[in-house]
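*Asks:* Pasting the sequence and the predicted coordinates here, then a few questions.
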Amino acid sequence: MDEFFFFIVAKYNYWASLILLFIGLYGMIAKNNLMKKIIGMVIFQTAILIFFVSIGVKWGASVPIIRFFPDKQPLLDATAYANPLPHVLILTAIVVGVAVLGVALAILQNIQRIHGTIEEDEILEDMRK
Amino acid sequence: MMDQTPVFIIAIPLFASLLLTLIGPLGPRVAYGLLIGALSLSLGASLATMVRVVQTGQAIHYYMGDWLPPMGIELVIDHLSAAVLVMIGVCALLSGIYSMHTAGQDNHDRLNNYYALFSLLVTGLLGMASAGDVFNLYVLLEISALASYGLLARGGGKAYFATFKYLVMGTIGACFYLLGVGYIYIMTGSLNMADLADILSRESLQESVSIRIGFTLIILGIWTKMALFPLHAWLPNAYSRAGTATACLIAPLMTKVSVYIMLRMMFTVFSADYIFNQIAWSSLVIYMASAAVVLGMITAFAQRDMRKMLTYIIVAEIGYMTGGAWLANTAGYTGAVYHILADGLMTLSLFMAVGAIIYRTGDTSANAMQGIFRRMPITAAVFLIGAASIVGIPPTCGFFSKWYLLQGAVQAGAWIFVAALLIAGLMAAIIFFRLLEAAFFGNLDDEGLSVGHSAPHSGTGAVQMREAPLTMLVPLAVAGAALLGLGIYTNEVVTYLIRWSVPAGF
């Protein structure tokens, strides 16, 4: 039981993003309302962003800007700084996510205009007519 | 100047798309001219790069801003990407020229914005084909996907809902890919493809579960993007409801470039040895590919709408390429790569021919084919060449890619894939002969003659020839000629381009 507990706790960031991932996937697949599908999609994307950001974390490390000791010597120890690369990648991925969300909402607006609803079953019925 | 050609390939359409958003007041003719100019220059840069790669016999590495990899961003153009870049350039330019009438009709208010998305999509595709690291690949994948959502949604009406489904599926695919890249990054600490290949070949990582999961997620993501059966459900509706110009651009290119990414991931980042020895599910892929080929063709057979039929044929063609890649021998790989080039051109010429027929008759069902040989002889001839290529009749290029695939399947002992290829060939023959019979001997007195975008014809039963406008006819004829040309020069294409990229271990 203890081992299992530590297995969960030691990797809690992975568990958190995994749970979010499945919540998002559930929202995308199971929800009938297209707006809820978009919300699921955003949760799904965010789960991956959190996963990426969390792997750049180090205990006791600070922001990756070179610090100087009082005697003007630079601190050049890699363990003193968080890994900036995952964070930089995620900045790009956030921008991509926002763009996808914008396009999705624009398309949704047009669906509402044409079919008069954003419920998937009602749209399918409307299309069969 | 010559050293800079790799970056011009991508930079020219990118800046053209930025410019295109600004020049709205100058009118549609300027926008059209700018698009065609940019695509031609980009194609010129691709051709120059390909010549350099073939002459020197080695890959070109271009370091963005002179930052050295693995830290900097790198463009890598080897024989495989050079071939795909030229294919993208040719298809984009032809469909760009072709788009003059149809895109103008669909987007009469803001044609420059439509062309900006068009150019951005081409930028993303060209970037994917030349990217040297896995994260840039993700960004470019999303750039082209976003542009394609915008373009497909311009079809209006039912296209919005189809595009919405594509958007959700496409995002899931891209997210899986990104998650897989995350797994690989945690284990290796690198994103550069060459560097990754070097690290992943180490003994200590061969058994790693994280890397296996990373690979699985990446491949699943790419399969969603390229619509491999059973992940194909979004494709037929999204493509068949788009505007004609959009369909001509997206149908030949999006899925084919995704296949290229799959090959890149499989054989450049990972290795044939790793995939076929360490990944337990790799032996199942050939069954999926066979199912895609057979079921794609059967569903295509059941369609009455011509464009929907063509989209299901794309699903089947994706099965050919996937199967070829996972056969794990030289012939299969050659067939898969050659089929990327051949299928790009085949799909382009068929979509353009059907688009021209729809443009003149206003009918999207198979009825529009009635008597088309006498009314639109050039369009019908290109349709015939494209159909012969899909069926696999020499000397069109479709025959040679199928020949390589069959050879590879026999060598690998994958009899189910052999059977699938033969059945699909027969099915394709039935599908097209049914259409061509109507095209040759069809009744000419049906209403298909008098409806359409141009003035109704006034003859009293006399057959009038009424071809599509010249801007549609010329690219159509060029695409048809290219299909025959690629078939005739198969040997050269294989010797100078494809053979160089055959992965080690085959």
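*Replies:* Here it is on my side, so go on.

*Asks:* out of everything not next to it in sequence, what's closest to the most centrally placed residue in chain A?
*Replies:* Residue closest to the average C-alpha location in chain A (C-alpha atoms, centre = their mean): A:Thr46, at 1.3 Å. Nearest non-adjacent residue to A:Thr46, counting by C-beta to C-beta, 6 or more residues apart in numbering or on different chains: A:Leu20, 6.6 Å away. No exception for glycine: its C-beta is placed from N, CA and C like everyone else's.

*Asks:* could you measure that neighbour against B:Gln278, distance?
*Replies:* Plainly put, A:Leu20 is 29 Å away from B:Gln278 if you go by C-beta to C-beta, to the nearest Å.

*Asks:* How about B:Ile199?
*Replies:* Taking C-beta to C-beta, one finds B:Ile199 at 15 Å from B:Gln278.

*Asks:* before we move on, what about B:Arg499?
*Replies:* B:Arg499 is 27 Å from B:Gln278, by C-beta to C-beta.

*Asks:* more neighbours, the two?
*Replies:* B:Gln278 (17 against 14; other C-beta atoms under 10 Å in any protein chain shown).

*Asks:* Let's see the pLDDT reported for the nearest residue in space to B:Gly65 that is not next to it in sequence.
*Replies:* Distances taken as C-beta to C-beta, 6+ apart place B:Gly72 nearest to B:Gly65, at 6.8 Å, with adjacent residues excluded. What the model reports as pLDDT for B:Gly72 is 82.

*Asks:* residues from chain A in reach of chain B?
*Replies:* A:21, A:25, A:28, A:34, A:37, A:41, A:44-45, A:48, A:51-52, A:55, A:86, A:89, A:92-93, A:96, A:99-100, A:103-104, A:106-108, A:110-111, A:114-115, A:123, A:127 (C-beta under 8 Å from any C-beta of the partner chain).

*Asks:* buried subset of the residues you listed?
*Replies:* The neighbour count (16 or more other C-beta atoms under 10 Å in any protein chain shown) marks A:21, A:25, A:28, A:34, A:37, A:41, A:44-45, A:48, A:51-52, A:55, A:86, A:89, A:93, A:96, A:100, A:103-104, A:107-108, A:110-111, A:114-115, A:123 as buried among the residues of chain A next to chain B.

*Asks:* quick one, what contacts the residue of the stretch 1-150 of chain B at minimum distance from chain A?
*Replies:* Nearest residue of the stretch 1-150 of chain B to chain A, counting by C-beta to the nearest C-beta: B:Glu142, 4.6 Å away. Taking C-beta atoms under 8 Å, 6 or more residues apart in numbering or on different chains, we find B:Glu142 in contact with A:Val96, A:Ala99, A:Val100, B:Gly124, B:Ala174.

*Asks:* quick check, B:Gln380 in a helix?
*Replies:* Not Gln; residue B:380 is Ala. Yes: when DSSP: H, G, I helix; E, B strand; the rest coil is applied, B:Ala380 is found to be in a helix.

*Asks:* What is the neighbour count of it?
*Replies:* Neighbourhood size, B:Ala380 [other C-beta under 10 Å]: 22.

*Asks:* right, and it touches B:Met465 too?
*Replies:* No: counting by C-beta atoms under 8 Å, B:Ala380 stays clear of B:Met465, with 11.0 Å between them.

*Asks:* Spell out which residues of the stretch 51-200 of chain B are next to chain A.
*Replies:* So the stretch 51-200 of chain B meets chain A at B:135, B:138-139, B:142, B:146, B:149-150, B:153, B:157-158, B:160-161, B:163-164, B:167-168, B:171-172, B:174-175, B:178-179, B:182, B:185-186, B:191 (C-beta under 8 Å from any C-beta).

*Asks:* helices and strands of chain B: which one bottoms out on pLDDT?
*Replies:* Lowest on mean pLDDT, DSSP states H and E among the helices and strands of chain B sits helix B:372-375, with a mean of 79.

*Asks:* As PDB, could you dump the C-alpha coordinates of it?
*Replies:* The C-alpha coordinates for helix B:372-375 follow below in PDB (Å, rounded to 0.1, in the frame of the first residue of the first chain):
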ATOM      1  CA  ILE B 372     -18.500  14.300 -71.400                       C
ATOM      2  CA  PHE B 373     -16.100  13.000 -74.000                       C
ATOM      3  CA  ARG B 374     -17.800  15.000 -76.700                       C
ATOM      4  CA  ARG B 375     -18.600  18.100 -74.700                       C
END
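
*Asks:* The residue nearest to A:Thr46: which element?
*Replies:* Taking DSSP states H and E as the criterion, A:Leu20 maps to helix A:12-30.

*Asks:* Pull the residues that contact that helix.
*Replies:* Contacts of helix A:12-30 (C-beta under 8 Å, 6+ apart): A:8, A:36-37, A:39-48, A:50-51, A:54-55, A:57, B:168, B:172, B:179.

*Asks:* let's go with 10 Å and repeat that
*Replies:* Contacting residues not belonging to helix A:12-30 are listed as A:7-9, A:11, A:33, A:36-55, A:57, B:168-169, B:171-172, B:175, B:179, B:182 [C-beta atoms under 10 Å, 6 or more residues apart in numbering or on different chains].

*Asks:* Distance from it to the middle of the chain?
*Replies:* Centroid displacement of helix A:12-30 relative to its chain, using C-alpha atoms, centre = their mean, to the nearest Å, is 10 Å.

*Asks:* right, and the helix or strand after that helix?
*Replies:* Criterion used, DSSP H and E; the element after helix A:12-30 is helix A:34-54.

*Asks:* How far does that next one sit from its chain's centre?
*Replies:* 4 Å.

*Asks:* Which elements pack onto the following helix or strand past it?
*Replies:* Using DSSP H and E, the helix or strand that follows helix A:34-54 in sequence is helix A:84-115. Here helix A:84-115 touches helix A:34-54, helix A:120-128, helix B:134-153, helix B:159-188, going by 3 or more C-beta pairs under 10 Å, 6 or more residues apart in numbering or on different chains; DSSP states H and E.

*Asks:* Could you list the low-pLDDT ranges of chain B?
*Replies:* Scanning chain B for pLDDT under 70 picks out the ranges B:1, B:442-464, B:505.

*Asks:* how many neighbours does residue 122 have?
*Replies:* In the absence of a named chain, chain A is used. A:Glu122 has 13 neighbouring residues, counting by other C-beta under 10 Å.

*Asks:* meant chain B actually
*Replies:* Close neighbours of B:Val122, defined as other C-beta under 10 Å, add up to 32.

*Asks:* where's it, which helix or strand?
*Replies:* Assigned by DSSP H and E, B:Val122 falls within helix B:111-130.

*Asks:* Please apply the same query to A:Val9.
*Replies:* Using DSSP H and E, A:Val9 falls within helix A:2-10.

*Asks:* Report the inter-axis angle for that helix versus helix A:12-30.
*Replies:* 80 degrees (axes from the mean of the first three to the mean of the last three C-alpha atoms, to 10 degrees).

*Asks:* quick one: average pLDDT of helix A:2-10?
*Replies:* 78.

*Asks:* how near is A:Glu122 to B:Arg52?
*Replies:* A:Glu122 is 57 Å from B:Arg52, by C-beta to C-beta.

*Asks:* before we move on, what about B:Val86?
*Replies:* To B:Arg52, B:Val86 is 12 Å away according to C-beta to C-beta.

*Asks:* again with B:Thr347
*Replies:* Counting by C-beta to C-beta, the separation of B:Thr347 from B:Arg52 is 29 Å.

*Asks:* So the two - more neighbours on which side?
*Replies:* B:Thr347 (29 against 17).

*Asks:* what about that one, distance to chain A?
*Replies:* 25 Å (C-beta to the nearest C-beta, to the nearest Å).

*Asks:* List the residues that contact the spatially closest residue to that residue that is not a sequence neighbour.
*Replies:* Nearest non-adjacent residue to B:Thr347, counting by C-beta to C-beta, 6+ apart: B:Pro252, 4.1 Å away. Contact analysis of B:Pro252 by C-beta under 10 Å, 6+ apart lists B:87-88, B:90-92, B:94-95, B:314, B:343-352, B:479.

*Asks:* Brilliant, that's me finished.
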